[in-house]
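**Q** following is a predicted model, sequence given first.
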Amino acid sequence: MAEALIDVHDLRYVYPDGTTALDGVSLHVGAGESVGLVGPNGAGKSTLILHLNGFLHGEGLVRIHGRELTRHALREVRRMVGVVFQDPDDQLFMPTVFDDVAFGPLNLGLSEEEVRGRVAAALAAVGCSGLEGKAPHHISAGQKRAAAIATVLAMRPDILVMDEPSSNLDPRSRRKLIALLGGLPITKIVASHDLDLILDLCPRCVVLDAGRVVADGPTEELFADDELLLAHGLERPLSRQAR
């Protein structure tokens, strides 16, 4: 078994209004894996993601790279787990793209030279070199998505976690995103309703429904199981419907 980067055991979370979002979720993710999270609306995907670097705290165990995620460990764990939110505007709030990508490294207390190097490397990795001086609200949706990923990559995390990364992208931008993410040599967890994207990026898939893991296995096999997909509000990816 691959080295464990993420261990979640019997995780439970109830929102203040009484809604049970996670009901005993257990999950192991090894180093270098790319894992898709799929399920109907309200399945618990986003809630699970928010537990992986301490935005939410439920009952149960979350361990990142062998370190239990407690409030005392938040700073260290957040260096290891980078989360890209569904809406890039939640991560792009500074006057320029450079300022946004530099924000995290500056808060680590790094030197100006190191920060500039990290910004340049992160923007190059996502194909956005040259956008440093642009205002985030003046770039395209696809560029915003890439810049949001760059803000996380600049922190050099061990794990990249993404919530609906292809939402609101046109087909060309979506293809570029898939190529970008597929080329990143980093452990990835991708939550999405876009099953074709999951099929392209994630050899392994976890199906959540009503806050529980209902299936976990090779993506190709799970997405070929029409009975499983139907039972949990999913449809076979378009690229597989003719098969």
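**A** Arrived safely, thanks for sending.

**Q** in stretch 209-219, what counts as buried?
**A** Counting neighbours by 16 or more other C-beta atoms under 10 Å, one finds that the buried residues in stretch 209-219 are 209, 211-213, 215, 219. To be clear about C-beta, it is placed using only N, CA and C from the backbone, and glycine gets the same treatment.

**Q** out of these, which is nearest to Ala31?
**A** Nearest to Ala31, judged by C-beta to C-beta, of those is Thr219 at 18.7 Å.

**Q** identify the residues contacting the closest residue to Val77 other than its chain neighbours.
**A** Spatially, and ignoring its direct neighbours in sequence, Val77 is nearest to Ile64 (4.9 Å; C-beta to C-beta, 6 or more residues apart in numbering). For Ile64, the contacting residues are 5-6, 52-53, 77, 80-81, 159, by C-beta atoms under 8 Å, 6 or more residues apart in numbering.

**Q** and the furthest pair within the residues you listed?
**A** The two members of the contacts of Ile64 with the most space between them (C-beta to C-beta) are Leu5 and Asn53, at 12.4 Å.

**Q** low-confidence ranges in this structure?
**A** Scanning the chain for pLDDT under 70 picks out 1-3, 240-243.

**Q** those strands in it, which residues are they?
**A** Listed from the start of the chain, the chain has strands (DSSP state E) covering 4-14, 20-30, 34-38, 59-64, 67-68, 81-84, 159-163, 187-191, 204-209, 212-218.

**Q** give me the beta-bridge partners of the residue nearest to Val77?
**A** According to DSSP bridges, the partner residues bridging Ile64 are Ile6, Arg67.

**Q** so who does Phe93 touch?
**A** Phe93 sits next to 100, 136 when contact means C-beta under 8 Å, 6+ apart.

**Q** wait, Ala191 sits on Leu37?
**A** Yes: under the criterion of C-beta atoms under 8 Å, Ala191 makes contact with Leu37 at 4.0 Å.

**Q** shared neighbours of these two, anything?
**A** For the pair Ala191 and Leu37, residues contacting each of them under the criterion C-beta under 8 Å, 6+ apart are 45, 48-49.

**Q** can I get the contacts of Ile64 in a markdown table including distance to Val126?
**A** A markdown table is the format used below for those (distance: C-beta to C-beta, whole Å):
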| residue | distance to Val126 |
| --- | --- |
| Leu5 | 22 |
| Ile6 | 23 |
| Leu52 | 21 |
| Asn53 | 20 |
| Val77 | 23 |
| Met80 | 20 |
| Val81 | 18 |
| Ile159 | 17 |
